[in-house]
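Engineer: A structural model of the following input is requested.
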Amino acid sequence: MKIAVVRESFPGEKRVALTPAAVAPLIKSGYEVVVEEQAGTAAGYPDAQYRDKGAHMASRAECFAAADILLQVRAAGANAQAGAADLPLYRQGQVVIAMCDPLGERRGAEELAARGVVLFALELVPRITRAQSMDVLSSMATVAGYRAVLLGASHLPRMFPMMMTAAGTISAAKVFIVGSGVAGLHAIASARRLGAIVSAYDVRPAVKEQVQSLGGKFVEMALDTKQAEGKGGYAQELGEEFYRKQRELMARVVAESDVVITTAAIPGKKSPVLVTADMVATMAAGSVIVDLAAERGGNCELTKADEIVRAHGVTILGPTNLPSEAPYHASQMFAKNITNFLNNLAPKGAMTINMEDEIIRETLVARDGKIVHPRLIDQAAANAS
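Structural biologist: Here you go, the predicted structure:
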């Protein structure tokens, strides 16, 4: 079987789905690996490294034509506009493994289904112990949390650590992390390493110990959070009344913070507004908000995706692809996730779509010319009604 990796076409995307180090184990398993020329260059992996590991370099069209299995960082709905140019290149029965945002941008998945593609969406990997090594969302959130802190620090007109100098004492910056999932926890750890005083909040009280173990202070709020976590371990929508009460309780902490990093995203849904314009107005001039939920509208009312907004003296950043800003290691992690997924799907190079396997069942989006994922089928039925 032939595995192909193509250069990412999404604007600004520097990651690559497979690094040179991942090539040799796949060849040993019986695969032939074909890589598009310069696919890894932007991530720091030149063509020569792929050749040294046994991969064949080819044009984009040759990669699509050769691939039994196509590995991409972004496909279908995760690259709707630029990816449209590739649609004629996909073929019947070809297996595509990538992030493809099926819950948020269903049309892309439908287009690949119409081409007869067997599509697996890596965003849908269930959060079970056996699938941890395949969880691209957690891997990329690790990078995003780290980069968010650096971004906030670079825009803050203050330093993070407390310093006692001959010129006087400099007080530490106060950083507030909203959401203590993978991105939030890595943001806590990174901000603490830089010397900030860190507070964090999450709707799941169970993460309190994790926050404290990293040196952060857990902000507790009197809210009913029993429904905060849905199937598969992913956050789910809680309703506007809940978010209204949450904003009221959070307002004081936001006002006292120099940097606020928000991470509350819900797959396939608009991001909940947690920081209102009125709350921004209470922050000190020079303060910074880094909104990691900007891609789906943002947790801050004033956020604009991939733009810098300045309001009430506060800088509001809405980055949508921070993992691409550390492409070398982000690609390394992604490649490990995707090869682990592939090894589960096709052990020893033999493709086995085993619907008894929860990982395969939960990630299979399209097959035999149609959408087959239950959540997408239910979503279509709900929209029709």
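Engineer: show me the shaky parts of the stretch 101-250 of the chain.
Structural biologist: 222-239 (pLDDT under 70).
Engineer: how about the strands in it?
Structural biologist: 118-121, 163-165, 168-170, 174-178, 197-201, 217-218 (DSSP state E, counting those that start in this stretch).
Engineer: tell me which of these lies nearest to residue 337.
Structural biologist: Residue 337 lies closest, by Cβ to Cβ, to one member of those: strand 118-121, at 12.1 Å. (Glycine included, C-beta is placed from N, CA and C.)
Engineer: contacts for the closest one next, please.
Structural biologist: 75-76, 93-102, 109, 112-113, 341, 345, 353, 360, 363-367, 373 (Cβ atoms under 8 Å, 6 or more residues apart in numbering).
Engineer: re the thing from before, CSV for the strands of the stretch 101-250 of the chain, including mean neighbour count and distance to residue 6?
Structural biologist: Below are those laid out as CSV (neighbours: other Cβ atoms under 10 Å; distance: least, Cβ to Cβ, whole Å):
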stretch, mean neighbour count, distance to residue 6
strand 118-121, 26, 15
strand 163-165, 9, 48
strand 168-170, 10, 49
strand 174-178, 28, 36
strand 197-201, 24, 39
strand 217-218, 16, 44
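Engineer: would CSV of those with distance to residue 314 be doable?
Structural biologist: What follows is the strands of the stretch 101-250 of the chain, written out as CSV (distance: least, Cβ to Cβ, whole Å):
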stretch, distance to residue 314
strand 118-121, 36
strand 163-165, 24
strand 168-170, 21
strand 174-178, 13
strand 197-201, 18
strand 217-218, 22
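Engineer: quick revisit: what's the ChimeraX line that selects buried ones from the contacts of strand 118-121?
Structural biologist: Listed next is the ChimeraX selection for buried residues among the contacts of strand 118-121, using 16 or more other Cβ atoms under 10 Å:
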select :75,76,94,95,96,97,98,99,100,101,102,109,112,113,341,345,360,363,364,365,366,367,373
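Engineer: so which of the contacts of strand 118-121 are in strands?
Structural biologist: Applying DSSP state E to the contacts of strand 118-121, the entries found in strands are 95-99, 364-367.
Engineer: so which of these comes closest to residue 150?
Structural biologist: When the ones in strands among the contacts of strand 118-121 are compared against residue 150 (criterion: Cβ to Cβ), the nearest one is residue 99, at 23.3 Å.
Engineer: list of residues touching stretch 279-286?
Structural biologist: For stretch 279-286, with Cβ under 8 Å, 6+ apart as the criterion, the contacting residues are 156-158, 247, 250-251, 254-255, 257-258, 260, 289, 300-302, 311-316.
Engineer: I'd like the average pLDDT over stretch 38-57.
Structural biologist: Mean pLDDT, stretch 38-57: 98.
Engineer: what of stretch 335-343?
Structural biologist: The pLDDT scores in stretch 335-343 average 97.
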